[in-house]
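# coords please:
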Amino acid sequence: MGHIRLGELPRTRKWEQVVELIKLDGDATQVAAAALDAAETGFKQAAEDEGLGRATWLLTQLPLAARVSVDALLEGIAATVVEGIPRVGALVGGSFGGPVPVPALL
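Next up, the predicted model:
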């Protein structure tokens, strides 16, 4: 699951060590430690990725959202979308020409 989206591992010495450990039937602890070491750069980049941070935060909110009414949930979604529109415009280099009415977003 997810193997198609990941593609190939980077061709670095550290990742080749991970693959070699797996080939040699290495201990799970050794393989995990080597993989963590090899993925360190990616983890650092992920920690600085604002989009990933926001997506992760949103996923953590789903169980909480299941506890509120549908109306409150829709209001929260609409407010979040309205707040994010100017930021999206700035990211893509355009402008949405001012505030967008909430009913147009739903």
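# Could you tell me the model confidence score at the residue in the chain sticking out farthest from the centre?
Distance to the chain centre peaks in the chain at residue 24, reaching 32.8 Å (criterion: CA atoms, centre = their mean). Note on residue 24: pLDDT of 94.
# One more: residue 27?
Looking at residue 27, its pLDDT is 93.
# ok, the nearest residue to residue 65 once chain neighbours are set aside to residue 63 distance?
Nearest non-adjacent residue to residue 65, counting by CB to CB, 6 or more residues apart in numbering: residue 73, 5.3 Å away. Backbone N, C-alpha and C define where each C-beta goes, glycine included. Noted for residue 73: a distance of 12 Å to residue 63, by CB to CB, to the nearest Å.
# more neighbours, those two?
Neighbours per residue (other CB atoms under 10 Å) separate residue 73 from residue 63, with residue 73 holding more: 14 against 8.
# The more buried one against residue 67, yeah?
No: Residue 73 lies out of contact with residue 67 (CB atoms under 8 Å); the separation is 9.6 Å.
# So, low pLDDT: which residues of this structure?
1-6, 85-106 (pLDDT under 70).
# hey, where'd the helices end up in it?
Here the chain has its helices, by DSSP state H, at 3-6, 13-23, 28-38, 40-47, 50-65, 70-92, 102-105.
# which ones are touching the spatially most central residue of the chain?
For the chain, residue 52 is the residue whose C-alpha lies nearest the centre (CA atoms, centre = their mean; 3.2 Å). Contact analysis of residue 52 by CB atoms under 8 Å, 6 or more residues apart in numbering lists residue 46.
# That one and residue 38, how far apart?
As for residue 52, its distance to residue 38 is 19 Å (criterion: CB to CB).
# Residue 23 and residue 31: what is the separation?
Residue 23 is 10 Å from residue 31, where distance means CB to CB.
# domain assignment for this protein?
Domain assignment for the chain, taken from automatic domain parsing, gives 3-47, 50-105.
# mind pulling up the phi and psi values for residue 66?
Main-chain dihedrals, residue 66, degrees, to the nearest 10: phi -70, psi -20.
# Cool, thanks, talk later.
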